[in-house]
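> I'd like to go over a predicted model; first the sequence, then the structure.
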Amino acid sequence: MDGKKLGFFGAGSMAQALIKGILGALTFPPEGIYVTNKNNEERLRFIEKNFSVRTTRDHQALLKECDVIIIAVKPRDINELLCNIKNYITRDHLVISVVAGVTTSMIEKLVGKNIKVIRAMPNTSCQVKESATAIATGRYAKPEDEEEAFRIFSSVGKVVKVDEQWMDAVTALSGSGPAYVYLMIESLTEAGVKAGLPNEIALNLSIQTVFGAAKMVVETGEMPENLRKKVMSPGGTTVAAIETLKKMGFGDSIIQAVKNAAHRSKELMKERENYNGN
């Protein structure tokens, strides 16, 4: 820790997951984290009580105290927020946005200054320090700002740097990705129950199966395709299952889901740009 202070605009699920992960990794102390949101006082009280961080309604005071700010509001709220705080943001601040569909140039334009902006797309697994986060730097961000973003997000998982043009794909793949996996666990559990297993046993087996398979990829370094083929004995049960999944479009449906999510991310960006132009 270097004495810097971190401010959050937004107190939803992503902000809470980040706060929990950052505190657990000792990246910032509780007294070095400030949180505000639009109007949910109950949420702020919950965060203050559970994480011992500081909460405030004074945006100017938060920006005066904090060196780094993370914008974690809903996409529809970012224009209003930046218009309200732009006079208090300086070129000394590092502004990190985790808002889907909002580019670094849009933030620079809304604030109207050559400020240091980094766009990040973590996922909610940051709460257990297993996020997959991609970051892209704005025009005025310096190498040390990129290092600071890596320091923050490395404390809650793995971080990669990407060109900003790829961020819609990142949002669709890893940003929304945990929801796809949760749906798979739900479906495996339901299948187990329909096959005769008690719900609790089916759920536990499903969770461990997904966890173990991911760990195999990480620890063996083998490609998923090779690992899959090792499970598939000729004429066996796994072959029958995989053939069914392929016939029913399992892989294609995942690919299409990511494409649709990426398309929606682009739509959100265009909506923001159109709003700014009016």
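Everything's here; your move.

> scan the chain for its longest helix.
Determined from DSSP state H, the single longest helix within the chain is helix 250-277.

> show me the domain layout of the chain.
6-162, 177-259 (automatic domain parsing).

> buried stuff in the longest helix of the chain?
257, 258, 261, 262, 264, 265, 268, 269, 272 (16 or more other Cβ atoms under 10 Å). Heads up, the C-betas are built off the backbone N, CA and C, glycines and all.

> and stretch 206-218, by the same measure?
residue 206.

> CA atoms only: put that stretch into CSV for me.
What follows is stretch 206-218, C-alpha atoms only, in CSV (Å, rounded to 0.1, in the frame of the first residue of the first chain):
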residue,chain,number,x,y,z
SER,A,206,-22.3,-30.3,-10.5
ILE,A,207,-20.3,-27.6,-8.8
GLN,A,208,-17.3,-29.9,-8.1
THR,A,209,-17.4,-31.2,-11.7
VAL,A,210,-17.3,-27.7,-13.2
PHE,A,211,-14.6,-26.6,-10.7
GLY,A,212,-12.5,-29.7,-11.3
ALA,A,213,-12.7,-29.4,-15.0
ALA,A,214,-11.5,-25.8,-15.0
LYS,A,215,-8.7,-26.6,-12.6
MET,A,216,-7.6,-29.4,-14.9
VAL,A,217,-7.2,-26.9,-17.8
VAL,A,218,-5.3,-24.5,-15.5
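
> could you pull out the helices for the stretch 151-278 of the chain?
Assigned by DSSP state H, counting those that start in this stretch, the stretch 151-278 of the chain shows helices spanning 167-170, 177-194, 199-220, 224-231, 237-247, 250-277.

> can you flag the weakest of those by average pLDDT?
For the helices of the stretch 151-278 of the chain, mean pLDDT drops lowest on helix 250-277, to a mean of 85.

> please work out the angle formed by the directions of that helix and helix 177-194.
Here helix 250-277 runs at an angle of 140 degrees relative to helix 177-194 (axes from the mean of the first three to the mean of the last three Cα atoms, to 10 degrees).
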